[in-house]
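Trainee: Fold the following.
(4 chains)
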Protein chains: 2
Amino acid sequence: MARNDSVPTVRDVAQLAGVSPGTVSKALNGQGKLRDETRQRVLDAAEKLRFQPNHVARSLVGGRTYTVGMLTSDSFGRFTLPLMEGIEDSLGAGQVSTLLCDGRGDPLRERHYISELLNRRVDGIVVTGRRPDVRRSVGQLPIPVVYALSRSDDPDDLTVTNDDEQGARLAVEHLVAVGRGRLAYVSGPGHHLSTVLRQQGFEAAAGAAGVHVDGGDVLLGSWSEAWGRTAAGLLMRRPPAERVDGVFCGSDQIARGLTDGLREAGMQVPGQVSVVGFDNWDVMVSAARPPLTTVDPELVRLGQLSASRLLTAIDGGELGSGVVAQPCELVLRESSVPD
Amino acid sequence: MARNDSVPTVRDVAQLAGVSPGTVSKALNGQGKLRDETRQRVLDAAEKLRFQPNHVARSLVGGRTYTVGMLTSDSFGRFTLPLMEGIEDSLGAGQVSTLLCDGRGDPLRERHYISELLNRRVDGIVVTGRRPDVRRSVGQLPIPVVYALSRSDDPDDLTVTNDDEQGARLAVEHLVAVGRGRLAYVSGPGHHLSTVLRQQGFEAAAGAAGVHVDGGDVLLGSWSEAWGRTAAGLLMRRPPAERVDGVFCGSDQIARGLTDGLREAGMQVPGQVSVVGFDNWDVMVSAARPPLTTVDPELVRLGQLSASRLLTAIDGGELGSGVVAQPCELVLRESSVPD
DNA sequence: ATGAAAGCGCTAACAC
DNA sequence: GTGTTAGCGCTTTCAT
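Mentor: Next comes the predicted model:
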């Protein structure tokens, strides 16, 4: 049996259709003026040979690779995943593929990847980190770059992230709406930007609602369940008159730990205390007892938005700069609403 | 100020060094015979212009893109992440990049991606799923394909996965070693391959150790914490004479739920009951009280191995076929060892 | 030891 | 309308 291992090229199609390579290109790309009959003949030939245009050659002549690089500053984490999903959403629709680079937080490694991405002539780059915190800019590049979730320290760069401050306000407004009047904020390390922003939102919304909070109502620790349990103990140790009836937590892990701690201390959630988390991380949110009301930073949407901004810039549009903060959404479950 | 926006090419370097483009190529790639002095001159010129060879052009002439595709059958999940890390490990070292495709479990979408990857002339493909279960083969392709974690249903394909059966034996042998003699296996849905394989390992190791187990000692449900808590209730409901003193769980989530359930029922872990999980998922393992002893499927290593097998095949080596099952490792923590 | 020329597979400009 | 030509940026013979 005759073999024809090699992948067919335009010339093979041209030969089979009895036309020139240039004509094949036009027919396949719908360019120029072709007789319908000719175009059909080419299409048939291409079909018959299962011809698929070589993307590499196309990139070389076109100067565009229809590829974007994705650089994670930290290893792919729980936050990066939904982001990636959103990015793929936006890019996939435009036939753009994603080249993956895991910088692992090592600046040297990162620079290496950036240069590799440039050599590969990607059309643009999305830089993501695992937390909505500030990271070093990768600098001025000949292609557009957008930072997703974690912010660039260069105000000339464009960052797309979630609005932590607004998310916190959402939580507090909800707590107030369900009748809570003595609130606490239990969150992660004080040097994390998201901890600070959420605290600002917490305080602003509490003030606006006429709810008194003071320094003692803000408990900062780590992002762990263990800290949530510890914080529950601290809150319960207070004299009854000062006990809180609503807690906004900086993460679902903290909220879960806190909920466990409260329950084990004999407090009822949400009967006596309402708890609201942050992240809408299904694993935590649904395993908690009761399931957690939480603030959803909408990371998939964030990914979609950042990729679509990038695409606009690649197509010659304006990239913009500064921080674009997308609103969060409150997801209601049982931990916050007293019967 | 004179502008020179355009990225430098070999010709720019050649001109600056006063040689021909061909010579530049040789100098930069260490090919052919060049005078040291000439080579140095070229290197200097390249350095000065910050010349970086165009990867696309190189791919076109070389016929290799130094790119592999990664197709996840399901959205990127907790299992895919460490896998990706391992794959990046192996590929990054060989200057190979990863093109990401999320098939989202949709066969049509998957086929589209496969064809896209072929158009882009990737050198090979890694197919991953989120569970060590069986998935449909993507079929015969002109480039090597390796399945990581989830298995191909075609025995001619190569699958690299973890040895669930051996992992389960490890757990049981440990339970026996710490003096447990009445064991149960609490796991996920019975139609999952990993549930079945781990059960086989459980029964085999129990039999080998002379530990009696019967059908009542195998409790299958879902992969959730809630099921773990339920199972704890079921086990504690038994008459004291039939109570177990060691439980091997099919996942860390189940193990955590079970541990919580036992503790809340007044049983001491590991004092009265030893618990061993599966996955070594840090979030579960370290938040559990006490921290969980668990079987680690070593997914990063799995990723490394699958990528390195792929690279071998790309370089003309034999790909192999069938299922390669990597051993798991037992990670000791407090949930299993009585004081 | 180096330069000239051809070509990877495709598209775009210009002939006819 | 369609064919011809040139060229994207690089590597690789093949002369010299």
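Trainee: what's the distance between A:Pro155 and DNA strand C?
Mentor: For A:Pro155, the distance to DNA strand C (C-beta to the nearest atom of the strand, to the nearest Å) stands at 37 Å. Quick note: C-beta positions are derived from backbone N, CA and C, even for glycine.
Trainee: In contact with that residue, which residues?
Mentor: With contact set as C-beta atoms under 8 Å, 6 or more residues apart in numbering or on different chains, A:Pro155 has these partners: A:Ser321, A:Gly322.
Trainee: what secondary structure does it sit in?
Mentor: Put simply, A:Pro155 is coil when judged by DSSP: H, G, I helix; E, B strand; the rest coil.
Trainee: Now do the phi/psi pair for it.
Mentor: Phi and psi for A:Pro155, reported as degrees, to the nearest 10, are phi -60, psi -10.
Trainee: and the gap between it and DNA strand D?
Mentor: 32 Å.
Trainee: Which parts of chain A are strands?
Mentor: Counting by DSSP state E, chain A has strands at residues A:67-72, A:97-102, A:124-128, A:134-135, A:145-148, A:151-152, A:158-162, A:183-187, A:218-220, A:246-249, A:274-278, A:293-296, A:322-326, A:329-331.
Trainee: out of those strands, which comes closest to B:Ala93?
Mentor: Nearest to B:Ala93 among the strands of chain A is strand A:97-102; the distance by C-beta to C-beta comes to 12.9 Å.
Trainee: between the closest one and strand B:97-102, what angle do the directions make?
Mentor: With axes from the mean of the first three to the mean of the last three C-alpha atoms, to 10 degrees as the basis, strand A:97-102 and strand B:97-102 are set at 120 degrees to each other.
Trainee: helices or strands next to strand A:97-102 in the packing?
Mentor: Packing partners of strand A:97-102 (3 or more C-beta pairs under 8 Å, 6 or more residues apart in numbering or on different chains; DSSP states H and E): strand A:67-72, helix A:80-93, helix A:107-119, helix B:80-93, strand B:97-102.
Trainee: now with 6 Å?
Mentor: Using 3 or more C-beta pairs under 6 Å, 6 or more residues apart in numbering or on different chains; DSSP states H and E, the elements in contact with strand A:97-102 are strand A:67-72, strand B:97-102.
Trainee: Using a markdown table, please lay out the ones you listed together with distance to B:Gly22.
Mentor: Listed next are these as a markdown table, based on distance: least, C-beta to C-beta, whole Å:
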| stretch | distance to B:Gly22 |
| --- | --- |
| strand A:67-72 | 29 |
| strand B:97-102 | 27 |
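Trainee: which of the ones you listed is buried the deepest?
Mentor: strand A:67-72 (a mean of 25; mean count of other C-beta atoms under 10 Å in any protein chain shown).
Trainee: What lies in contact with that one?
Mentor: For strand A:67-72, the surrounding residues in contact (C-beta atoms under 6 Å, 6 or more residues apart in numbering or on different chains) are A:80, A:96-103, A:113, A:117, A:122-128.
Trainee: Check the average confidence over it, would you?
Mentor: Strand A:67-72 comes out with an average pLDDT of 95.
Trainee: How far off centre is it?
Mentor: Put simply, strand A:67-72 sits 13 Å off its chain's centre (C-alpha atoms, centre = their mean, to the nearest Å).
Trainee: any idea of the angle that strand forms with strand A:97-102?
Mentor: 30 degrees.
Trainee: Strand A:67-72 pairs with which strands, parallel or anti?
Mentor: Counting by DSSP bridges, the strands paired with strand A:67-72 are strand A:97-102 (parallel), strand A:124-128 (parallel).
Trainee: weakest of these by average pLDDT?
Mentor: strand A:97-102 (a mean of 93).
Trainee: Can I get that one in CSV? Just the C-alpha atoms.
Mentor: In CSV, the C-alpha atoms belonging to strand A:97-102 read as follows (Å, rounded to 0.1, in the frame of the first residue of the first chain):
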residue,chain,number,x,y,z
SER,A,97,-4.3,29.5,22.9
THR,A,98,-2.6,29.8,26.2
LEU,A,99,1.1,29.1,26.9
LEU,A,100,1.6,28.2,30.5
CYS,A,101,4.5,29.4,32.7
ASP,A,102,4.9,28.8,36.4
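Trainee: Tell me the pLDDT of the nearest residue to A:Val178 once chain neighbours are set aside.
Mentor: Leaving out its chain neighbours, the residue that sits closest to A:Val178 by C-beta to C-beta, 6 or more residues apart in numbering or on different chains is A:Val337, at 5.5 Å. Looking at A:Val337, its pLDDT reads 95.
Trainee: Check A:Asp5 too.
Mentor: On pLDDT, A:Asp5 comes in at 58.
Trainee: Count residues in the vicinity of A:Glu173, would you?
Mentor: 16 (other C-beta atoms under 10 Å in any protein chain shown).
Trainee: sorry, back to before: for DNA strand C, see how far away the residue nearest to A:Val178 is.
Mentor: Distance from A:Val337 to DNA strand C, by C-beta to the nearest atom of the strand: 58 Å.
Trainee: The closest residue to A:Val145 other than its chain neighbours pairs with what?
Mentor: Nearest non-adjacent residue to A:Val145, counting by C-beta to C-beta, 6+ apart: A:Ile125, 4.7 Å away. Beta bridges link A:Ile125 to A:Gly69, A:Val145 when assigned by DSSP bridges.
Trainee: separation between A:Ile125 and DNA strand D?
Mentor: A:Ile125 is 20 Å from DNA strand D, by C-beta to the nearest atom of the strand.
Trainee: That residue against A:Pro144, yeah?
Mentor: No - using C-beta atoms under 6 Å, A:Ile125 is not in contact with A:Pro144; the gap is 7.6 Å.
Trainee: just to revisit the earlier point, what about the residue nearest to A:Val178, how many neighbours?
Mentor: Using other C-beta under 10 Å: A:Val337 sits among 15 other residues.
Trainee: Ok, A:Val218 next?
Mentor: If you count neighbours by other C-beta under 10 Å, A:Val218 ends up with 16.
Trainee: All set, thanks.
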